[in-house]
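Participant: sequence and computational prediction follow.
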Amino acid sequence: MLGRKQEINLQINQILDSCLILFAFWLCHTLRYYNPNGWFGPIDINIPEFGDFFWLIAIIVPFTPVILEMFGYYEHPLQKTIWRSVRQLGQALIVIGVVIGGCVVFFKWGAQSRIVLGMLIFIGGGVLLIKEALMRKRLRSRTENWGWREDILLAGGGSDIELLRSQFESGDDSSLNIVAIINLEQKDVKDLVSALHEHSPERVVIAAGQVKFGKIQEAIKACEAEGVEAWLSTDFIRTSIARPSLDVLGGSMMMVFRSAPGVSWAISIKDLYDRVGAVIIILLTLPFWLFAYVGIKLFSPGPAIFKQQRGGKNGRPFPIYKFRTMVIDAEKQKAELESENEMSGPVFKVTNDPRIFRFGGFLRRWSIDELPQLVNVLLGQMSLVGPRPLPIEEVARIEHSAQRRRLSMKPGLTCLWQVSGRNTITSFDEWVALDLEYIDNWSIWLDCKVLVLTVPAVFCQRGAE
């Protein structure tokens, strides 16, 4: 499947899955409500009417397909195994369970029947797996039918055409039927037009790498005149990481190359759970805020909150907030400790830093000093998970452009570096490698994984030194 077709099929799939989940919910409720022979729970316990489950339905039915999409459930249907589908369903179930649990705890919404929800896991999941298996079987059957395959014509330079042809022929669904190949380096655009008349392809795919752009423009105009779609491959621009997409800026169509996650529903969800999570964590940790404030005032007279300019997304400066753990003139004393710096690159770190007062060291070991950064999350300057922000003077000292790519995402309270033994890593290159690994593999699930791993990192006192 290609481009817009794939998007339409995805939306149809998600709507169908929502309907199936709603049906499964209704079936589970009906079985538990009437409870024949007591097979589905205690007979003496009655559950509410189906309509009383509205808030659960409003969360589970529409959001389950969205979360499944984030875990890649709808990708490469012909190459998937049943175990991969089960794993992705399990991951989505964990996210939905956390959301429902949060609503029960913080909003006091009642989960009217745990048995219904338990049945839904097996019946709803089973229905989705059966539907996926049937869709996969149907797709294979249609793909093997040549009458369903899409006729396309390839045009462009010789080696580029061969590369494109091999990619199409080894694709996921084999739904493309290449009816003709026109080498525009050797043939005229008139030959392309003749091939259009002879084979009546649904689209022309142009590989432009080795062909003069003027001739490519002629080929596209010829397709325009014939009313045939022309698809221009972007392989003529070689990139290692960035992937092209199209967008509109100022009314003009632009080809965009992104090497970090762009605007998407997943990013919007990340921004939402950042703020919701920040509010929840602030409410849960308020006693620690008071404890830190009083302790700092007792052990080191001066402001309890330390504010410093850090490099945010794309290096934009923003004021970061922390509980102060060093003496008042710590910045002035930093120059005297430069010779003891244990980190390579632009970053500064000293084990048993003499500028840290005793209570400040305690706050650092338990990461309590980081709590005010939740305010930065609420302000949209930081995320719960992301590369740690560096002071702006350290950002300015980053020498390699590839290392600055760690600035392409919003900085976070925690990251792969912090849950991978931050006190044992002394190489800035290794630190950056972990940040880029996070950026290149980012997903909602990865954020959840890092947040979960942060908990034992804090309780094992692997705090910043």
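Facilitator: Ah, there it is. Numbering: from 1, shown residues only.
Participant: and the strands in this protein?
Facilitator: 150-156, 176-183, 203-207, 229-232, 243-249, 252-258, 305-311, 317-323, 383-385, 412-414 (DSSP state E).
Participant: would you mark the buried spots in the second one?
Facilitator: Looking back up the chat, that one is strand 176-183. Neighbour-count burial for strand 176-183 flags Leu176, Ile178, Val179, Ala180, Ile182, Asn183 (criterion: 16 or more other Cβ atoms under 10 Å). In this view, the C-beta of every residue, glycine as well, is placed from N, C-alpha and C.
Participant: what's the angle between it and strand 203-207?
Facilitator: 50 degrees (axes from the mean of the first three to the mean of the last three Cα atoms, to 10 degrees).
Participant: pairing partners for strand 176-183, with directions?
Facilitator: If you go by DSSP bridges, strand 176-183 pairs up with strand 150-156 (parallel).
Participant: what does the fourth one give?
Facilitator: Partner strands and pairing direction for strand 229-232 (DSSP bridges) are strand 203-207 (parallel).
Participant: including distance to Trp39 and pLDDT, could the buried residues of strand 176-183 go into CSV?
Facilitator: Formatted as CSV, the buried residues of strand 176-183 follow (distance: Cβ to Cβ, whole Å; pLDDT from 0 to 100):
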residue, distance to Trp39, pLDDT
Leu176, 51, 77
Ile178, 57, 87
Val179, 59, 89
Ala180, 63, 90
Ile182, 67, 91
Asn183, 69, 89
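Participant: closest one to Leu56 out of those, please.
Facilitator: The shortest approach to Leu56 among the buried residues of strand 176-183 belongs to Leu176, at 43.2 Å (Cβ to Cβ).
Participant: the nearest residue to the closest one once chain neighbours are set aside: neighbour count?
Facilitator: Nearest non-adjacent residue to Leu176, counting by Cβ to Cβ, 6 or more residues apart in numbering: Phe168, 5.0 Å away. Neighbours of Phe168 under the rule other Cβ atoms under 10 Å: 17.
Participant: Ala155 bridge partners, please.
Facilitator: Here Ala155, judged by DSSP bridges, has bridge partners Ile182, Ile206.
Participant: where does it land on pLDDT?
Facilitator: Note on Ala155: pLDDT of 90.
Participant: quick check, it in contact with Ala219.
Facilitator: Yes: if you go by Cβ atoms under 8 Å, Ala155 and Ala219 touch, sitting 5.9 Å apart.
Participant: out of the buried residues of strand 176-183, which one sits closest to Thr285?
Facilitator: Nearest to Thr285 among the buried residues of strand 176-183, with distances taken as Cβ to Cβ, is Leu176, at 55.4 Å.
Participant: tell me the contacts of the closest one?
Facilitator: With contacts defined as Cβ atoms under 8 Å, 6 or more residues apart in numbering, the neighbours of Leu176 are Arg149, Glu150, Ile152, Phe168, Glu169.
Participant: again with Gly102
Facilitator: Taking Cβ under 8 Å, 6+ apart, one finds Ile280 in contact with Gly102.
Participant: same deal with the one 4 residues further on?
Facilitator: Under the criterion of Cβ under 8 Å, 6+ apart, the neighbours of Phe106 are Ile280.
Participant: per-residue pLDDT of the residue lying closest to Ala457 once chain neighbours are set aside, please?
Facilitator: Excluding the flanking residues, the one nearest Ala457 by Cβ to Cβ, 6+ apart is Val419, at 5.0 Å. With respect to pLDDT, Val419 scores 82.
Participant: give me the residues contacting the helix or strand of the chain with the lowest mean pLDDT.
Facilitator: Here the helix or strand of the chain ranked lowest by mean pLDDT, DSSP states H and E is strand 243-249, holding a mean of 73. The contact list for strand 243-249 (Cβ under 8 Å, 6+ apart) reads Thr234, Ile237, Met253, Met254, Met255, Val256, Phe257, Arg258, Gly262.
Participant: could I get those residues as JSON lines with distance to Ile398?
Facilitator: Formatted as JSON lines, the contacts of strand 243-249 follow (distance: Cβ to Cβ, whole Å):
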{"residue": "Thr234", "distance to Ile398": "29"}
{"residue": "Ile237", "distance to Ile398": "26"}
{"residue": "Met253", "distance to Ile398": "34"}
{"residue": "Met254", "distance to Ile398": "28"}
{"residue": "Met255", "distance to Ile398": "28"}
{"residue": "Val256", "distance to Ile398": "24"}
{"residue": "Phe257", "distance to Ile398": "21"}
{"residue": "Arg258", "distance to Ile398": "20"}
{"residue": "Gly262", "distance to Ile398": "23"}
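Participant: still on that earlier bit, which among the contacts of Leu176 gets closest to Lys297?
Facilitator: Nearest to Lys297 among the contacts of Leu176, with distances taken as Cβ to Cβ, is Phe168, at 68.7 Å.
Participant: ok, the closest one to Thr325 distance?
Facilitator: 59 Å (Cβ to Cβ, to the nearest Å).
Participant: with Ala207 instead?
Facilitator: For Ala207 relative to Thr325 (Cβ to Cβ), the value is 58 Å.
Participant: for the spatially most central residue of the chain, what are its contacts?
Facilitator: Geometric centre of the chain, nearest residue: Ser443, 2.6 Å, by Cα atoms, centre = their mean. Listed by Cβ under 8 Å, 6+ apart, the contact partners of Ser443 are Met70, Phe71, Ala266.
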